[in-house]
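Colleague: Compute the structure for the input listed below.
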Amino acid sequence: MEPAIGRSLTQGFRIAKNSGPGIGVYAGSWMIIGLAAFLLLAMAGMPPELAERPAAPSAPAAPPAAAPPEAAVPAAPSPTAESGNLFTDLNDTVDHSAAHDPAPVAAASAAGVEETPDTNAEETMRLLAERNRIVGDWLRTAWPVLSVLILLVLGAGLMLSGGQIGYMAHSLRTGQYQVKEFFRAGLRSLPALFAATGIWVAAVAGLLLAVVAGLLLLRPVLKALPGVLIGLIGTLVAVACLALAIWISVRLSFWFIAVAADGLGPMAAARASFKATQGRWWRLLGFGLLAGIISSATWIPFRVLEWIGKTVGGPGGNALDLLSNLLGLAASLYIGFALLAAYIHYYDDAKGAASS
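Modeller: The predicted structure is shown next:
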């Protein structure tokens, strides 16, 4: 039977509706992994500076207000033989004060707003340097524990991913929801999933190194080209790399599914994924986009609920905020299981169509 996105989604949500035990095992396992990671970090003596956000530089202090210049008091005119009358003498005095040199007044005005040296940036840089030094010293001494932590999280994550796939595939194919299949499939597929992950990382790194090496080899030629042309070439290279990554990702949509659900090795599973996606690239691209939209839309009502909680504030608002996050997490787990089952159903239909 030729696979169909609508039929696969329907079957996926039907299977997820009855997969409560598997969802609980998956969520509980990640909680245990998180607790173990926290304990390992505590054993390693993680400095508090690593969890703190660098303090933003404070605004410079406002300069003191400029003191108003003292008003010049004109000297009383003394009548002389040459004076005309009192009004003429006063006029001369006012004109003489206006023509007085304004430099002392300007200096007095500026005396109160003289710019003070701003040391906030230097203090921030000093604190950042001290923080980096502390974290660097900790990394040099704690790397054995951190290596164990990375291997634990990576291995546990791959095992849970394989267990999730195996559990959903077994439920979909047999109609039986057995939690033991979760652990059985996870442990069985763990070595192959490790190898597949390594192959994927090596392929991505090799592609990036090839692009960088090509640009370095062409550097003498590129330096002779106009800046606009260099920018155009860079854009084309970036678009080509992105298009290649998308194409390969779609062709490998069923790679891990073939490993965990069919028990294939990494290379055999890659070939099975390429075979299942042959002639269906655009439909699977649309399937992936639709799955992304469904996953994102799941959080919309809970984000609205969270916003209401923050708006209300107080204990009731905090409780509503916590409830929205817990409900959103539960809904996200359910949707993730449903979409995974839909992909497995599509993969099984594609295999059946190819064999017939």
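Colleague: any idea how far Leu146 is from Met159?
Modeller: Look at Met159 and Leu146: by Cβ to Cβ, to the nearest Å, they are 20 Å apart. Backbone N, C-alpha and C define where each C-beta goes, glycine included.
Colleague: Could you do Thr197 as well?
Modeller: In this view, Thr197 and Leu146 are 19 Å apart by Cβ to Cβ.
Colleague: same question, Pro47
Modeller: As judged by Cβ to Cβ, Pro47 and Leu146 stand 13 Å apart.
Colleague: Then Met267?
Modeller: To Leu146, Met267 is 32 Å away according to Cβ to Cβ.
Colleague: in the chain, which spans are helices?
Modeller: Counting by DSSP state H, the chain has helices at residues 5-17, 20-43, 48-51, 86-98, 103-111, 120-174, 180-217, 219-223, 227-251, 255-262, 266-277, 281-298, 300-312, 314-355.
Colleague: If you average pLDDT over each of these, which is lowest?
Modeller: Among those, helix 86-98 has the lowest mean pLDDT, at a mean of 43.
Colleague: Work out which residue lies at the spatial centre of this protein.
Modeller: Nearest to the geometric centre of the chain sits Ser296, at 15.1 Å (Cα atoms, centre = their mean).
Colleague: wait, what's in contact with it?
Modeller: By Cβ atoms under 8 Å, 6 or more residues apart in numbering, the contact set of Ser296 is empty.
Colleague: likewise Ala270?
Modeller: Neighbouring residues of Ala270 by Cβ under 8 Å, 6+ apart: Ala196, Ile199, Leu252, Trp255, Ala258.
Colleague: What separation is there between the closest residue to the third one other than its chain neighbours and Met168?
Modeller: If I follow you right, that is Leu252. Nearest non-adjacent residue to Leu252, counting by Cβ to Cβ, 6 or more residues apart in numbering: Ser273, 5.1 Å away. Relative to Met168, Ser273 is positioned 17 Å away (Cβ to Cβ).
Colleague: which of those two has more neighbours?
Modeller: Neighbours were counted for Ser273 and for Met168 using other Cβ atoms under 10 Å; Met168 has more, 30 against 23.
Colleague: Now do the spatially closest residue to that one that is not a sequence neighbour: how many residues are near it, please.
Modeller: In space, and not counting its chain neighbours, Met168 is closest to Ala341: 4.7 Å by Cβ to Cβ, 6+ apart. Using other Cβ under 10 Å, Ala341 has 27 neighbouring residues.
Colleague: got the contact list for Ala341?
Modeller: Per Cβ under 8 Å, 6+ apart, neighbours of Ala341: Gln11, Gly12, Phe13, Ile15, Ala16, Ser19, Met168, Ser171, Leu172.
Colleague: Those residues into JSON lines, with extra columns for distance to Ala121?
Modeller: Listed next are the contacts of Ala341 as JSON lines, based on distance: Cβ to Cβ, whole Å:
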{"residue": "Gln11", "distance to Ala121": "60"}
{"residue": "Gly12", "distance to Ala121": "55"}
{"residue": "Phe13", "distance to Ala121": "55"}
{"residue": "Ile15", "distance to Ala121": "58"}
{"residue": "Ala16", "distance to Ala121": "54"}
{"residue": "Ser19", "distance to Ala121": "55"}
{"residue": "Met168", "distance to Ala121": "54"}
{"residue": "Ser171", "distance to Ala121": "59"}
{"residue": "Leu172", "distance to Ala121": "60"}
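Colleague: out of those residues, who's nearest Ile5?
Modeller: Using Cβ to Cβ, Gly12 is the member of the contacts of Ala341 that lies nearest Ile5, at 10.2 Å.
Colleague: burial of the spatially closest residue to the closest one that is not a sequence neighbour, as a residue count?
Modeller: Closest residue in space to Gly12, ignoring its immediate chain neighbours: Ala342 at 3.0 Å, by Cβ to Cβ, 6+ apart. Neighbour count of Ala342, defined by other Cβ under 10 Å: 28.
Colleague: unless I'm mixing things up, Ala342 is touching Ala4, no?
Modeller: No: Ala342 lies out of contact with Ala4 (Cβ atoms under 8 Å); the separation is 10.6 Å.
Colleague: circling back: against Gly186, how distant is the residue nearest to Gly12?
Modeller: The value you get for Ala342 to Gly186, if Cβ to Cβ is used, is 21 Å.
Colleague: Quick one: distance of stretch 239-249 to the chain centre.
Modeller: 21 Å (Cα atoms, centre = their mean, to the nearest Å).
Colleague: List of residues touching that stretch?
Modeller: Here stretch 239-249 has contacts from Val204, Leu207, Val211, Trp281, Leu285, using Cβ under 8 Å, 6+ apart.
Colleague: now that we have those, which one has the most neighbours?
Modeller: Neighbour max across these (other Cβ under 10 Å) = Leu285, 16 neighbours.
Colleague: Just confirm that residue contacts Val250, I think it does.
Modeller: Yes: assessed by Cβ under 8 Å, Leu285 is found in contact with Val250 at 5.4 Å.
Colleague: What about Leu40, how many residues nearby?
Modeller: Neighbourhood size, Leu40 [other Cβ under 10 Å]: 17.
Colleague: Centre of the chain to stretch 268-277, how far?
Modeller: Counting by Cα atoms, centre = their mean, stretch 268-277 comes out at 31 Å from the chain centroid.
Colleague: And it, what's buried?
Modeller: Neighbour counts using 16 or more other Cβ atoms under 10 Å place Ala269, Ala270, Ala272, Ser273, Ala276, Thr277 of stretch 268-277 among the buried residues.
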